[in-house]
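In: just a sequence and a predicted model for now, questions to come.
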Amino acid sequence: MDRAVSLTVWYDGGCPLCLREIALMRKLDRRGAIDFVDVAAGADPACPIDRKVLLSRFHAREAGVIYSGAAAFAAMWRAIPLLRPLGLAARWSPVLHVLEAAYLQFLKVRPRLQRLAAGR
């Protein structure tokens, strides 16, 4: 079956939190619109972003535009029908601003959450 990939998502496959999130997104992506690329597994030659940067923040490419952080999550949500309304709402600057602020707070506690998720 051919997939109509419209979005590339780069994720940290070495992060237990990321793996859980991506597993859920894969289930919701019934149309196969997202190409999920595990950055921890190796470099993606099609990606113009440094691997270290990819591992530090969430990134996605939609229609040739690369997004980072909350904007990347919003792009992923737009590709999934169930989450599309949230992704569309994030195109409004005040909504994206709030989501990005929340994402920055999450990044501060991410290492502790990763250890908890990994059972360490």
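Out: Yes, it's here. Only a predicted model underlies this, so the values are computations on that prediction, with no experimental measurement involved.
In: got the buried residues for the lengthiest helix in the chain?
Out: Assignment by DSSP state H gives helix 93-118 as the longest helix of the chain. By neighbour count on 16 or more other Cβ atoms under 10 Å, the buried set for helix 93-118 is Leu96, Leu99, Glu100, Tyr103, Arg110, Gln114. In short, each C-beta sits where N, CA and C put it, glycine included.
In: where along this structure do the helices fall?
Out: Counting by DSSP H, the helices of the chain are 16-28, 51-56, 70-78, 84-89, 93-118.
In: lowest average confidence, helix or strand, in this protein?
Out: helix 51-56 (a mean of 85; mean pLDDT, DSSP states H and E).
In: what's near enough to touch Leu54?
Out: Shown here is Leu54, whose contacts under the criterion Cβ atoms under 8 Å, 6 or more residues apart in numbering are Trp10, Asp12, Val39, Cys47.
In: which of the residues you listed sits closest to Gly64?
Out: Ranking the contacts of Leu54 by separation from Gly64, with Cβ to Cβ as the measure, puts Cys47 on top at 12.7 Å.
In: my read: the closest one touches Asp35, true?
Out: No: the pair Cys47 / Asp35 is not scored as a contact, 11.1 Å apart, by Cβ atoms under 8 Å.
In: which residues do these two both contact?
Out: Common contact partners of Cys47 and Asp35 (Cβ under 8 Å, 6+ apart): Thr8.
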